[in-house]
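K.L.:
turn this into a structure:
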Amino acid sequence: MIPKVAPWKKDTVSSLLDKVNSGTTIAIIDIHGVPADSMINMRADLRDKMAIQVAKKRLMKLAWENAGRELSELDSLFAGAVQPALVSTKSLNSFELFTELKKTEAGRAAKPGDVAPHDIIVEKMDTGMPPGPIVGELNSVGIPAKIMKGSVQIQKQVTVLKAGDVFEGDMGMMLGKIGINPIVTGLRLCGTLESGVIFTPETLDIDFEQFESDLIGYAAGAFNLACNITWITSQTMPTLLAKASREALAVALEAAITTADTLPHLIARAHASALGVAGTLDADALDDDLSAMLGAAASAVASAASTVVEEEESSDSPAEEEEEEEEEAAFGGLGDLFG
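P.N.:
Coordinates of the predicted model:
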């Protein structure tokens, strides 16, 4: 006798098959520990970007086989999943999917039986809590606390649990009171399959701001190196031409080669040298034009010098005024003393 298959199971496999076939990025997430009301809100927020379906692993495997895919791929995606759910999306790649699911994560206080995901370290700090029974409660779970300056303070850094240790008693509750919520809940990504490539969460967890900063730094370093070794490309050519132009101009000026570009500089240099020589001569040896030019130059120098002096005097005047006031006050006091 052929056992009957429940209609809901057929419907579930059919729905899963549609998602596997329609998505360009397929993923398995773990929803273990996520409250039902939170799960409903998360699915509603993500509905426009991805489809999420919770099902048993056996039904997912049936849909996966019906889609003509290798079960080894699905087994890899199942790694670490306690309560798996299938995710299918057309609009997001693996990295974008990871970023969206990461936004659903939030910390909560640990409960008895929870496993520490990492070393739980309590730092030396002022908790800001007023004196009370909390001091004895913290000490009872191995957190050295003491009342100082009217508040409860942790006396030293202490590691209360190692990664993999189980929370027992009031440890999780006491950590929550001092702001340590080590248990992360949310839609935790176990892995994605995109274009035949499996991506793990470790691969997808990228700091994009740091990545962008690194790329900019690498590009700048490569550009500087290419310019220094005169590596000609479409990017370095403008900079290399500008550098060559500056260096050619400097050589031409040093050699006093007359061109349309160097002539204004050479005339200005000759003019300055002529004024320098004229300044060393007696006034009777100068014609009217040279005298006028020397007078204009001297006036410009004197004007600049007087501006500097005025600025210095203006900055010193408040102090001088204060000194004068102090002196007047002092003489007034002596006058009062001698009548």
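K.L.:
can you show me the strands along the stretch 101-250 of the chain?
P.N.:
Remark: strands assigned in the stretch 101-250 of the chain by DSSP state E, counting those that start in this stretch are 106-108, 120-122, 125-126, 145-148, 151-154, 158-161, 183-185, 188-194, 197-199.
K.L.:
closest to Lys9 out of these?
P.N.:
Across the strands of the stretch 101-250 of the chain, the minimum distance to Lys9, taken as CB to CB, is reached by strand 188-194, at 23.2 Å. Just so you know, the C-beta spots here come from the backbone N, C-alpha and C atoms, and that holds for glycine as well.
K.L.:
neighbouring contacts of the closest one?
P.N.:
Strand 188-194 has contacts (CB atoms under 8 Å, 6 or more residues apart in numbering) with 24-32, 73, 76-81, 84, 93-94, 97-98, 101-102, 105, 198-201, 204.
K.L.:
write the PyMOL selection for whichever of those are buried.
P.N.:
Here is the PyMOL command that selects the buried residues among those (16 or more other CB atoms under 10 Å):
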select buried, resi 25+26+27+28+29+30+31+77+78+81+84+94+97+98+101+198+199+200+201+204
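K.L.:
got the domain ranges for this protein?
P.N.:
Taking automatic domain parsing as the domain assignment, the record places the domains of the chain at 7-105+186-206, 120-180, 279-338.
K.L.:
of the ones you listed, which stretch is the most buried?
P.N.:
Of all these, domain 7-105+186-206 has the most neighbours on average by mean count of other CB atoms under 10 Å, namely a mean of 17.
K.L.:
show me what contacts the residue nearest in space to the middle of the chain?
P.N.:
Relative to the mean C-alpha position of the chain, the nearest C-alpha, by CA atoms, centre = their mean, is the one of Glu209, at 5.1 Å. Glu209 makes contact with no residue under the criterion CB under 8 Å, 6+ apart.
K.L.:
if we can go back for a sec, filter the contacts of strand 188-194 down to the ones in helices?
P.N.:
Taking DSSP state H as the definition of helices, these contribute 73, 76-77, 94, 97-98, 101-102, 201, 204.
K.L.:
mind picking the two most distant members of these?
P.N.:
By the measure CB to CB, Glu73 and Lys102 form the most distant pair in the ones in helices among the contacts of strand 188-194, at 22.9 Å.
K.L.:
how about Gly68, secondary structure?
P.N.:
Three-state secondary structure (criterion: DSSP: H, G, I helix; E, B strand; the rest coil) places Gly68 in coil.
K.L.:
relative to Val197, how far out is it?
P.N.:
From Gly68 over to Val197 the distance is 18 Å, taken as CB to CB, to the nearest Å.
K.L.:
one more: Arg58?
P.N.:
Computed with CB to CB, the distance linking Arg58 and Val197 is 26 Å.
K.L.:
same thing with Ser213?
P.N.:
The span separating Ser213 from Val197 equals 27 Å under the rule CB to CB.
K.L.:
return the backbone torsion pair for the residue nearest to Met50 when sequence neighbours are not counted.
P.N.:
Take Met50 and drop its neighbours on the chain: the residue closest to it by CB to CB, 6 or more residues apart in numbering is Thr89, 3.9 Å away. Note on Thr89: backbone dihedrals following degrees, to the nearest 10 are phi -150, psi 150.
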